[in-house]
Structures are given as structure tokens and as C-alpha cells.
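*Asks:* just coords:
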């Protein structure tokens, strides 16, 4: 058995390298691809300039003053201070596992910052990888609460060098005099270890599948209600929170080698969490009455993966983008108790036949885990809806906008104010998770008057679906194109000056969009 495990480990290690090259939305591999030219705007009266450059895989930013912001670097685990367009100091250096889509991913300031100096970070900690004789069980369940130097202070690119619950959100305190961040407390630790090709559970169909490190989500935002929202992708899990009541292989068989399909601390994936600032579950959460302690923290579920989440500054509504596998990327207005449908549904449920057709015939014909193949997708909208695992108080909701074939959207953000012009006020800006499609597009969406729907002028988009003809094809999105050549966009914010700031992981830069005349 140990020889078999060692062989599978070597096989997985080789396959994992190939997988990282092929993953179209994996941050690490994409960071090596740069736009051929600098970014440009495709609308009148707007221009773009570089706010700061020379960064390494920047993922997220937060303004702490009129001309100061904190910027995260994915692979280095460093939080850097940018003042007046230059990096002036590294204010924190975390030991991260940075393989694939892991690393230092998300930042949110306390709603009362700087009176309350809390800075919240989503990151992936690292531990020693397991012995090759048994690569299917990590060496630890979690990292220590405090990220002390010498315990998990170095960075790692070993795909198996994470604890089971290695994705985490912690509060740090900002010291404006020393310009440093110090650890305060951990809010939550979430699933990270992905190696599903082992002998457990038996006959599960994934033998030999490589280890992975994707679908970590990582965006965090404080809402208008003062609660912290956290999005994590499915990490390849296939349990009840992915709308499989008995898991991928049927009743009595665990979801993976750690249990499931019931949600617990080891299977809290594919969800949007809503937490108090101390990490506890708010009493008005949609599933707070549930006896399951982790479900109490869930705001929405049935999520595949996301690189973008934003709070509408005019309505307080929460919006996300969601990445499909090869079909039906989504823009969502997230409601309390929403079941987004994954893995049974992606895109509008009325398009279930197209979802099944694309996923069963193109691009590898699998949905990451082989144990639930796309041939299992329902044959009708009614069948798909009947399969959903609706927790008491849950409801299914179609996306507000979709692309038939994946274009891989990334970071999203809203335009606050009229500095760019009244026509852009309140607009939703969506960036790219790949440098494909115009070298890294920016899409601009208007919302309807009640700010609950996507407004469209193009008659082809009246159904709120861009019926493009191939993966990364922009057909029917031309009228939405706002800018191009921004590369891999991981975060978008309106700055204190009213201009729009765009974080580009692949360019190692933050760009500033401003009104030129």
C-alpha cells in the first residue's frame, strides 16, 4: 500500500504541474502572462495611468488615507504600504502557501477604520507536506492561531503543504505610528487541502487525480450592515453545500477521506459566510436556527468559485461574479439564504441543456472531481430544481447576467460618485481573470433604477445572457466593453479622489482610471 501511495504521489506531482499550466483562471500560472500593451479605455473622456508598479502578483487593496493604501502580494504573503504612488514599506509578511489560487488573497478594513484599526486578511497558511507514503492526509488539521515567525513564517509552493483547514481569515491591528500590522485574532479556518486521488472513499472514481490548490475564493468585504462577508470556492468538494444530498457517490459513502457530505468545519466550501467582527454568527443570519454550528455562519451557498465580490454603495446589496467550469460565468446579486445551484445548475436554469451539452462534449468533459461527471447533469430545468439541497429558509435564484461560454471574469467593483462623469455613477465594473479577450477586459454594467437587476441597451442581451460562440469569445459583450489590456484583474475600488483603481496581478500594477476632459 505504501508503494502504491508513493507511486500515486509522484504521478500526482507530475500531473499537478501540467494542471497548473492548463488552468485558465489559476492566479499563479496567469501571473506569468502579460498584456502586450498598456491598458487603455474604450469610452470617451476617460483615461488610465499607473498608480503604482513593480509589485509581484498583487491581489487586493484597501485605502487607509487620501494618498495611501495597503496592497497584498499573493505569493510573497506581504502587505505593502503605498504612499503617493510608491511602495514605502512592507508592513506585514505572512508565511503563505502560494500554489495555484492560494496565497494572500483578500483584505477588508473595519467599517469604523481608522477609529477602529482592524485590518482583516484572507490567506492560506502553510505546513510541512505529508510523507510520500501517505500523501492523502495532511500533516496538520490547521495552523496555529497566531502566525508566529518560525512556525509558519516562510512561503511554500508545495501543493500538499497546507493543513486541512489552511484557508483562514484573521484580524490584524494597524499601528499608524510604526506603520505595521500586528496579529489580533483568528475569525475562521476553512478547507484548503485537496488531494482526492486516494483509496478513500473506496471506488469513488478519482484514483490518480492530481492534487490541486484551486477554488479558494478569498475576497472579503464588510457590508453596509457592518458584517464581514467571506467567499470561498468549492475546493472541489461535492457535498450538501454543492447540492448533492448524499454526496457524489450515494448514501453511506463519505464525500472525501475526511467525511461529509454533511457540512462541517472540514467541508465548509462553496459558500458566502456572514460573520460578526469577532467571527461569531450573527443572530439574523438566514440559517441561524440550524442546529449545525457552521451552517449558522452561511449567508449563501451553491457557489463554484469567485474572484470578485462587492457591496453596492447605493443600495447595500451584495454582488459577486462566479466562474463556471467551461460554461455560464455569472454576475449575481446575492440574497440572504440564496442557493446558487452549483453543481446541479450554473447559469439560468432554463439553459440547463446547454450547460450539459458544453460540459459533456468539450474542454475535457469533467467538472474537476471525476466522481460526479457532467453526464450526471439534469436533462430538464424541472429535474435540476428538484435535485437542489434546499436548507430550511433557502431558495434558488438565477444569476442577473451570464455568458454562455466562460470568459473568466475576475475582480469587480462599483463606481461611487461622479468624478468619472454622471453616466458612470453607480456602474458595476467587472475585470478579467485571464489576459485573454482583449488582453484583460473591463466590462461596465448599468443597474436598473431599483438597483436589483442589470440594465441593458443591446437587444441581444435582453435575456441577460451573452450568447458567445466559444470560450473567451466576446460576442454579444461588445457594448459592455469599458477598457482593455488590464491583464488579470483581481480588485477594483473607487478611491478617495473618486477615480477608479484597478489591481492587475499579471502587470504587477495598480492602475487609476480618471476623467481626462
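*Replies:* All right, it came through fine. All of these numbers come straight from a predicted model, not from anything done at the bench. Numbering: from 1, shown residues only.
*Asks:* Would you mind measuring from the closest residue to residue 485 other than its chain neighbours to residue 504?
*Replies:* Among residues not flanking residue 485 along the chain, residue 439 sits closest, at 3.8 Å (C-beta to C-beta, 6 or more residues apart in numbering). Just so you know, the C-beta spots here come from the backbone N, C-alpha and C atoms, and that holds for glycine as well. Plainly put, residue 439 is 11 Å away from residue 504 if you go by C-beta to C-beta, to the nearest Å.
*Asks:* Looking only at neighbour counts, state which of those two leads.
*Replies:* Neighbour comparison, residue 439 and residue 504: the larger count goes to residue 504, with 29 against 21 (by other C-beta atoms under 10 Å).
*Asks:* and the longest strand for this structure?
*Replies:* In the chain, ranked by residue count with DSSP state E as the criterion, the top strand is strand 180-190.
*Asks:* List the buried residues in it.
*Replies:* 180, 181, 183, 186, 187, 188, 189, 190 (16 or more other C-beta atoms under 10 Å).
*Asks:* Three-state assignment for residue 241, please.
*Replies:* helix (DSSP: H, G, I helix; E, B strand; the rest coil).
*Asks:* what's the pLDDT at the residue lying closest to it once chain neighbours are set aside?
*Replies:* Nearest residue to residue 241, sequence neighbours excluded (C-beta to C-beta, 6+ apart): residue 301, at 4.7 Å. Note for residue 301: predicted pLDDT of 98.
*Asks:* quick one: contacts for residue 301?
*Replies:* 241, 270, 271, 272, 338, 339, 340, 391, 394 (C-beta atoms under 8 Å, 6 or more residues apart in numbering).
*Asks:* Which of the residues you listed sits closest to residue 405?
*Replies:* Lowest distance from residue 405 to these (C-beta to C-beta) belongs to residue 340, with 19.1 Å.
*Asks:* Now the closest one. Nearest residue, chain neighbours left out?
*Replies:* Nearest to residue 340 is residue 302, by C-beta to C-beta, 6+ apart, at 3.8 Å.
*Asks:* Run a quick neighbour tally on the one you found.
*Replies:* Using other C-beta under 10 Å: residue 302 sits among 27 other residues.
*Asks:* how far away is it from residue 377?
*Replies:* From residue 302 to residue 377 the distance is 14 Å (C-beta to C-beta).
*Asks:* Run through this structure and note the low-pLDDT ranges.
*Replies:* 1-36, 148-153 (pLDDT under 70).
*Asks:* Apply 90 and report the result again.
*Replies:* Applying pLDDT under 90 to the chain flags residues 1-37, 147-154, 200-208, 249-252, 364-365, 368-371, 436-438, 517.
*Asks:* mind listing what the residue nearest the centre of it touches?
*Replies:* The C-alpha lying nearest the average C-alpha coordinate of the chain belongs to residue 217 (C-alpha atoms, centre = their mean; 2.5 Å). Applying C-beta under 8 Å, 6+ apart, we find residue 217 in contact with 105, 122, 230, 231, 232, 233, 303, 305, 306, 307.
*Asks:* And for residue 516?
*Replies:* Per C-beta under 8 Å, 6+ apart, neighbours of residue 516: 45, 46, 47.
*Asks:* Make CSV out of those and add secondary structure.
*Replies:* Output for the contacts of residue 516, formatted as CSV (three-state DSSP):
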residue, secondary structure
45, coil
46, strand
47, strand
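*Asks:* Which of the residues you listed ranks first by neighbour count?
*Replies:* Within those, neighbour counts (other C-beta under 10 Å) peak at residue 46, which reaches 20 neighbours.
*Asks:* Which helix or which strand is home to the residue nearest to the centre of the chain?
*Replies:* Assigned by DSSP states H and E, residue 217 belongs to no helix or strand.
*Asks:* That one and residue 486, how far apart?
*Replies:* Shown here: residue 217 relative to residue 486, a distance of 21 Å by C-beta to C-beta.
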